[in-house]
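Asks: Got a sequence here, can you build the structure:
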Amino acid sequence: MSCVICGAPAVDDHHVIPKGRTNKKNPAPWCEDKRNKALLCRACHLKAHTRPGRVNLIHLLAARRPHLDYNEEPWGWYLSLPIREGWYGVHSDLIGTIL
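Replies: From the prediction side, this is the model:
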């Protein structure tokens, strides 16, 4: 499998919106939703754990997975935020394709 951002070999199954943002005893239904998961390489995964990284990743996933509705909460709020160009470094050209 490959990283959804750069295409490098994926090593991590990332929760786009962290599981820690929900009640651990009674997790929100969106926590394990396929919209909330992305396979990432280590470099992209580290950047995805920041707010700009999460915003960019959600914009990218929404563009690449048009059959899934990312306008619903909790993802919709992130789509209202601007993309930070250059955040993923050498992979910025990929993020730029979704603008």
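Asks: CA atoms for contacts and neighbours, from now on please.
Replies: Fine.
Asks: Okay, helices next: where are they in the protein?
Replies: Applying DSSP state H to the chain gives helices spanning 42-48, 51-64, 75-79, 92-96.
Asks: deepest of those, which one?
Replies: helix 51-64 (a mean of 20; mean count of other Cα atoms under 10 Å).
Asks: Tabulate the helices of the chain in JSON lines, adding columns for distance to residue 29 and mean pLDDT.
Replies: Listed next are the helices of the chain as JSON lines, based on distance: least, Cα to Cα, whole Å; pLDDT from 0 to 100:
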{"stretch": "helix 42-48", "distance to residue 29": "21", "mean pLDDT": "89"}
{"stretch": "helix 51-64", "distance to residue 29": "18", "mean pLDDT": "88"}
{"stretch": "helix 75-79", "distance to residue 29": "13", "mean pLDDT": "88"}
{"stretch": "helix 92-96", "distance to residue 29": "28", "mean pLDDT": "49"}
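Asks: Reformat those helices as CSV; add distance to residue 18.
Replies: As requested, those are exported to CSV (distance: least, Cα to Cα, whole Å):
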stretch, distance to residue 18
helix 42-48, 10
helix 51-64, 10
helix 75-79, 12
helix 92-96, 21
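Asks: hang on, residue 15 packs against residue 33?
Replies: No. Residue 15 sits out of contact with residue 33 when judged by Cα atoms under 8 Å, with a separation of 9.3 Å.
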